[in-house]
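Asker: Structure for this input, please:
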Amino acid sequence: MIRIRELREDNDLYQKDIAKILNISQQQYARYESEENQLSYDGLIKLAKFYNTSIDYLLYLTDERAPYPESVIKDK
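Answerer: Next up, the predicted model:
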């Protein structure tokens, strides 16, 4: 299960809006919402950052919506 539809609707956004953020088609995004396909790791990161939450929240592993503190280790 994944919370992306709930978050999108809570923010009054359309599938095409989120598809644009992920640089994919609206049809491909719709498959993620219906769980026909799974989001990539990069897609999960983009959505977690966009919605200011954690990947754990997106995947129903926690009900805590607040994101985790940023890591002190940065991309090289």
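Asker: Where is the longest helix in the chain?
Answerer: Longest helix of the chain, by residue count under DSSP state H: helix 41-50.
Asker: which outside residues touch it?
Answerer: 4, 7, 18, 21-22, 32, 39, 54-55, 57-59, 67 (Cβ atoms under 8 Å, 6 or more residues apart in numbering). Glycine gets a C-beta too; all of them are placed from N, C-alpha and C.
Asker: ok, now with 6 Å
Answerer: Ile21, Leu22, Ser54, Ile55, Leu58 (Cβ atoms under 6 Å, 6 or more residues apart in numbering).
Asker: Stretch 60-70 too?
Answerer: Met1, Asn52, Thr53, Ser54, Asp56, Tyr57.
Asker: Please point out which parts of stretch 27-43 sit buried.
Answerer: Tyr29, Ala30, Tyr32, Glu33, Leu39, Gly43 (16 or more other Cβ atoms under 10 Å).
Asker: Now do the closest residue to the second one other than its chain neighbours: how many residues are near it, please.
Answerer: If I follow you right, that is Ala30. In space, and not counting its chain neighbours, Ala30 is closest to Gln15: 5.6 Å by Cβ to Cβ, 6 or more residues apart in numbering. Number of residues near Gln15 (other Cβ atoms under 10 Å) recorded here: 18.
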